[in-house]
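Colleague: need coordinates for the below:
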Amino acid sequence: MANWNWDSSGSFWSYLPKGCQICRQGAGLVLFVTGKCNRSCIYCPISEARSRNNLVFADEQQVENLDDILKEANAIGALGTGITGGEPLLVLNKVIDYINALKKEFGIEHHVHLYTGILPDSNVIRRLKEVGLDEIRFHPAWEDWANSIILKKTLIDATSMGLETGVEIPAIGPAPGVVEAVQSTGAFLNINELEFSETNARRLQDIGFVPHEVHSGAIGSEEIAKSFMIEGLNVHYCPSRFKDAVQLRERLKRRAERIARSFDVITEDGTLVYGIIDGDLERVLEVLDRLKVTDKMYAIEENQIEIDPYVLEDISKELKGIGCIVSVIERYPMKKGLIVESIPL
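Modeller: A predicted model of the protein is given here:
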């Protein structure tokens, strides 16, 4: 009998591939290499900003070069990288360069997995393996989910070359051909909850799905996923709420722990809390000196002072007395990260 595991986000699995294990620690860099794609899947949740555009993102940040990618990977202490798109194999040479750079920077133990909607020939798979790819996840077209022949050959090719091999599809309906191909080749199956986005909402509603009120998942998708709990099938179900409740939260915590200044407060969600002082900098610095606030408790950033939030609460009266505007903010732990909350004092 399969040994099924569950977590509080609703995720369940009989098998958890290495890429997912790293993701659950928040230690996986999400490397979006292009928005270009040769398919138009009705369930694709990619945003308008990324879709069809040849842009690169490392986690939530758009990047321009390899140095930016490696900087983000270092910022979160990445143990692995998931390469996604769009369709990564449309920019194969770029993908190979990225894998090379990641392995050179972090060593061969840095795990790299790749998602692709293309079922490539053995030459492409071999090139990816030779450069250091560890795991590959295929996403056959929805209309081919009943047919296992071509998919099975590709899974055999990838497995025979030593890649951890799987299929990843959304929980939108039955996939008998996929299940047969995965079971017969010893591969794994990743099932994602069907997610609503600004780009796919109308199309998903047209085929009868409606979104949950509290998250982006489609009502009924989880029940479809449970139909893949088949004895002997290596399967993992990833719900949409896992990405916020676990993946993003853990990644933010890793980043915050590495970049927080001495006076930043790290929350349990991985955001940073600090105070802001807007006003005449010379007069502010005089007040800080007079009140014996050491320079380890604040920093001058872009014509304002960022400071320990508890210190700011203690001295806010004096600062407002010289015309300063003072507040405490909570934001994502990155340069110009999203501000979650701003509280005037």
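
Colleague: residues in contact with Thr165?
Modeller: Residues in contact with Thr165 (Cβ atoms under 8 Å, 6 or more residues apart in numbering) are Glu135, Ile136, Arg137, Phe138, Leu155, Ala158, Thr159, Thr185, Ala187, Phe188. Using the backbone N, CA and C atoms, a C-beta is placed for each residue, glycine as well.

Colleague: can you give me the pLDDT of the third one?
Modeller: What the model reports for Arg137 is a pLDDT of 97.

Colleague: burial measure for the nearest residue to Pro211 once chain neighbours are set aside, as a count.
Modeller: Leaving aside its chain neighbours, Pro211 sits nearest to Phe196 (4.1 Å; criterion: Cβ to Cβ, 6 or more residues apart in numbering). Look at Phe196: counted by other Cβ atoms under 10 Å, it has 23 neighbours.

Colleague: dump the residue contacts of Phe196.
Modeller: Phe196 makes contact with Pro45, Leu204, Phe209, Pro211, Ser216, Gly217, Ala218, according to Cβ under 8 Å, 6+ apart.

Colleague: the nearest residue to the third one once chain neighbours are set aside: how many residues sit nearby?
Modeller: With Cβ to Cβ, 6+ apart as the measure, Ala218 is the residue that lies nearest to Phe209, at 4.2 Å, once sequence neighbours are left out. Close neighbours of Ala218, defined as other Cβ under 10 Å, add up to 25.

Colleague: quick check, Val340 in contact with Glu330.
Modeller: Yes: with contact defined as Cβ atoms under 8 Å, Val340 reaches Glu330; the gap is 4.4 Å.

Colleague: looking only at neighbour counts, state which of those two leads.
Modeller: With other Cβ under 10 Å as the criterion, Val340 and Glu330 differ in neighbour count, and Glu330 comes out ahead with 19 against 14.

Colleague: quick check: the more buried one is in a strand.
Modeller: Yes: per DSSP: H, G, I helix; E, B strand; the rest coil, Glu330 lies within a strand segment.

Colleague: wait, Arg127 sits on Ile96?
Modeller: Yes: contact status for Arg127 versus Ile96: in contact at 6.7 Å, counting by Cβ under 8 Å.

Colleague: separation between Trp13 and Asp7?
Modeller: According to Cβ to Cβ, to the nearest Å, Trp13 stands 9 Å off from Asp7.

Colleague: those two: which is more packed in?
Modeller: Using other Cβ under 10 Å, the more surrounded residue of Trp13 and Asp7 is Trp13, with 22 against 13.

Colleague: give the contact list for that one.
Modeller: With Cβ under 8 Å, 6+ apart, Trp13 has these contacts: Trp4, Asn5, Cys20, Val235, His236, Tyr237.

Colleague: restricted to buried residues, select those residues in ChimeraX.
Modeller: Here is the ChimeraX command that selects the buried residues among these (16 or more other Cβ atoms under 10 Å):
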select :20,235,236,237
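
Colleague: tell me the one of the contacts of Trp13 nearest Ala171?
Modeller: Of all the contacts of Trp13, Tyr237 has the smallest distance to Ala171: 7.2 Å, by Cβ to Cβ.

Colleague: what's opposite the closest one in the beta bridge?
Modeller: Tyr237 has the following beta-bridge partners by DSSP bridges: Phe12, Ile191.
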